[in-house]
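Novice: structure for this input, please:
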Amino acid sequence: MNTSPHIPGSLWRRIIGPPSTRLGRWSVGLAIAFFVLFLLWIVYAWFLRPIPRPTFFSDPLHALLLLSAAVAAIASGIVGAGAIVAKRERSVMVVLSALVGAFVIYWTIGEFLGN
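Specialist: Numbers count the residues shown, from 1 in each chain. Modelled structure (predicted):
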């Protein structure tokens, strides 16, 4: 017989609250890193150095910022999916970080398959 008191709304706290697992926290942290790196890339590429670039790697900082942002987003999606499936994480923040990672993977595949 279960003698623990039932806490109403504990499932809602688990869904709306911060991640409770280590993988969930990593996923959210990587998603935040993606947004910070992407914002830095926008500021650098559009405002600080608005110059034409003949190739993607002609400006190493430009390429480093964008590739780091993409890697952080894809890693966030993979880690977030692992937290949801393996650790049964239910935080909305982890689900959103997994969706951000899935969107960036979708965008990257589209860029590779496009013209």
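Novice: excluding its backbone neighbours, what's nearest residue 23?
Specialist: Distances taken as Cβ to Cβ, 6 or more residues apart in numbering put residue 83 closest to residue 23, at 3.6 Å, once the chain neighbours are dropped. Every residue, glycine included, has its C-beta placed from N, CA and C.
Novice: relative to residue 20, how far out is that neighbour?
Specialist: From residue 83 over to residue 20 the distance is 10 Å, taken as Cβ to Cβ, to the nearest Å.
Novice: show me what contacts the residue nearest the centre of the chain?
Specialist: The C-alpha lying nearest the average C-alpha coordinate of the chain belongs to residue 31 (Cα atoms, centre = their mean; 2.8 Å). For residue 31, the set of contacting residues under the criterion of Cβ atoms under 8 Å, 6 or more residues apart in numbering consists of 72, 73, 76, 80, 93, 96, 97, 100, 101.
Novice: residue 13: which of these is nearest?
Specialist: Distances from residue 13 to those, taken as Cβ to Cβ, are shortest for residue 93 (13.0 Å).
Novice: and the closest one, what does it touch?
Specialist: Counting by Cβ under 8 Å, 6+ apart, the residues that residue 93 touches are 18, 19, 24, 28, 31.
Novice: now render those as TSV, adding distance to residue 48, pLDDT and secondary structure.
Specialist: What follows is the contacts of residue 93, written out as TSV (distance: Cβ to Cβ, whole Å; pLDDT from 0 to 100; DSSP: H, G, I helix; E, B strand; the rest coil):
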residue	distance to residue 48	pLDDT	secondary structure
18	34	88	coil
19	34	90	coil
24	35	94	helix
28	29	96	helix
31	25	97	helix
